[in-house]
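>>> Dropping the sequence and predicted coords here.
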Amino acid sequence: MSTLDALVQLIFNVYEAFTVAVYLRHGDLLSCISSYTFSRSFDQLRKIPVESSLPGWVVKHNEPLIIPNFDKDESALGYYGAAEDIKSFMGYPLEVPGVIIIDSKKKYVFTDKEKKILAHFVTIMHDEVEREKRLQEIEDLNEEMLVERRIIDYFRHAGTRKDSEEKVLKECLSLAGGDLCFLGLEREAGIAITRVVGQSAGSLRGKKCPMRGSVASMVIERGLESLLPYKSGYLKDRPILFEGDDLRARQFFGFPLIIDDTPFGLLALVSLSDMSLKEKSIGLLRDISLLLSLFLATSWLKRDRRRSRDLDPVTGALRYSTFCKKVEEWAKKGEHFSVVSVKVPRIEDYNRVAGVDFTDRLFQAVYQSLEYCIGKQAIITRSAGGQFFAAVEGMDPSDLGNMLKILNYTITTNMPEGNQTARRLAQTGLAHCPQDGQDVWQLLERAENRMKRAK
């Protein structure tokens, strides 16, 4: 038992009370920090409104209040959940600000004499409340540090733990005391819900939502936090994610995810119940959103670097070594596929006549034409100069004619005027696995040899 609790129990015994409780003001509400009561309907977790309760009147006017013959409904007190037949009430303001309340089932129990005695208790209580507040702040700070350590640990091991982001969201949900937490990222002019925990998680995971007209989109569009109060009228006018999302939100906290001053997503907390989100969690949630921004940016950078190591910097095609490894894997698995050889000859002439930049653009155009002709399911590489290889399922020799026409058209239309060359500009060849072998080098050689015979 804390010193404050012991003091409250002492006052309870001195006044032979029915209930004694200490409340502190937080915005428009009073929160109980200590109580002693005979009542079964007293709820220490219940918040009391300042504007419509007798304890609130004491705090608002900073004056003691005695009602020796209490003839009002218990709802005026705000802390009971049922009728208790209260006959007397006394409230005394605290400097914090706050109030100590005492009530009784006997009439005319509290007089000016009792008020003066209570004033001495309040003086002692003030110091104790301040000490309790400092201890609570230290405990909250320690808890925040523990949460931050856990979250940093999740990010540190994110490469080996697939559920790291989900664990971070669960921590956020616990901090805010909400019902739903989600991570939304801007993708293709919309918001993709990439991670979600809590109520309705199953129906929202992977959803693609509009980029306009919702509470979530407002956070990304403005790049600013949205901390809507409990039962905000704004939540009645706009959906959280999309029209008909069935989220009857009572409160919403949204924090933008930002890279280089550009918002690209949001971290959102939602209350769907009678419990409001915890305002004291806002600072830590703000820090977590910053960590999420850095983590996602780093993850994308690593992924891009891995991809760039496997791609030709000029065309975006696979590097030759990566292509050969993939073809070798297909062959080992016994898959049936075709290897296509495509060559654009006389590259040295193009470099000399039109310049290296033109040749690079020509390579890019040829790669895009190959993708168009063979399909994006194919893997394509440029081994050297104008030599391309592709591997794809179901390629037929008759398809080479159409592909050759498209490639020749691509090369011709990209040549500067006055430098048009012969129409038969590209050369093609085809080999099949396993008919022509299962060795990658044998397949590439046969496709290239057949290309040469087709000149």
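Here it is on my side, so go on. Residues are numbered from 1 along each chain as shown.

>>> The spatially closest residue to Lys343 that is not a sequence neighbour and Gln435, how far apart?
Closest residue to Lys343 apart from its sequence neighbours, by Cβ to Cβ, 6 or more residues apart in numbering: Gln427 at 4.6 Å. Quick note: C-beta positions are derived from backbone N, CA and C, even for glycine. Separation of Gln427 from Gln435 (Cβ to Cβ, to the nearest Å): 22 Å.

>>> neighbour-wise, which of the two wins?
Gln427 (21 against 11; other Cβ atoms under 10 Å).

>>> Which pLDDT value belongs to that one?
You'll see Gln427 listed with a pLDDT of 80.

>>> Wait, it touches Pro345, no?
Yes: assessed by Cβ atoms under 8 Å, Gln427 is found in contact with Pro345 at 6.6 Å.

>>> Name the spans of the protein whose pLDDT lies under the cut-off.
For the chain, the stretches with pLDDT under 70 are 1, 140, 144, 154-155, 157-163, 301-310, 415-425, 452-455.

>>> From the centroid of it, which residue is nearest?
Leu183 (2.3 Å; Cα atoms, centre = their mean).

>>> wait, it sits on Val197?
No: Leu183 is beyond contact range of Val197, at 9.4 Å (criterion: Cβ under 8 Å).

>>> Put the alpha carbons of stretch 116-127 into PDB.
This file holds the C-alpha atoms of stretch 116-127, laid out as PDB (Å, rounded to 0.1, in the frame of the first residue of the first chain):
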ATOM      1  CA  LYS A 116     -11.200  22.700   8.300                       C
ATOM      2  CA  ILE A 117      -9.900  19.300   9.400                       C
ATOM      3  CA  LEU A 118      -9.900  18.100   5.800                       C
ATOM      4  CA  ALA A 119      -7.900  21.200   4.800                       C
ATOM      5  CA  HIS A 120      -5.000  19.900   7.100                       C
ATOM      6  CA  PHE A 121      -5.200  16.500   5.400                       C
ATOM      7  CA  VAL A 122      -5.100  18.200   2.000                       C
ATOM      8  CA  THR A 123      -1.900  20.000   2.900                       C
ATOM      9  CA  ILE A 124      -0.200  16.700   3.700                       C
ATOM     10  CA  MET A 125      -1.800  15.100   0.700                       C
ATOM     11  CA  HIS A 126      -0.500  17.700  -1.700                       C
ATOM     12  CA  ASP A 127       3.100  16.700  -1.100                       C
END
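
>>> one step back: hey, what's in contact with both of Leu183 and Val197?
Leu169 (Cβ atoms under 8 Å, 6 or more residues apart in numbering).

>>> so who does the closest residue to Asp112 other than its chain neighbours touch?
Leaving out its chain neighbours, the residue that sits closest to Asp112 by Cβ to Cβ, 6+ apart is Ile66, at 7.7 Å. Ile66 is in contact with 89-90, 110-112, 114-115, counting by Cβ under 8 Å, 6+ apart.

>>> ditto for Ser232
Contacts of Ser232 by Cβ under 8 Å, 6+ apart are 251-252.

>>> For the stretch 201-350 of the chain, which segments count as helices?
201-204, 215-222, 234-237, 282-309, 320-332, 347-354 (DSSP state H, counting those that start in this stretch).

>>> which residues touch the host helix or strand of Phe89?
For Phe89, the host element (DSSP states H and E) is strand 88-94. Under the criterion Cβ under 8 Å, 6+ apart, residues 22, 24, 54-55, 57-59, 61-70, 77, 99-104, 106-110, 114-115, 118-119, 122, 125-126, 129 lie in contact with strand 88-94.

>>> Return the distance of the residue nearest to Lys343 relative to Cys373.
15 Å.

>>> How about Leu29?
68 Å.

>>> So for those two, which sits in the more crowded spot?
Between Leu29 and Cys373, counting by other Cβ under 10 Å, Cys373 is the more crowded of the two (22 against 19).

>>> Show the contacting residues for that one.
399, 402-403, 406-407.

>>> are any of these buried, and which?
399, 403, 406-407 (16 or more other Cβ atoms under 10 Å).

>>> Restricted to strands, list these.
For these, not one is inside strands, with DSSP state E as the criterion.
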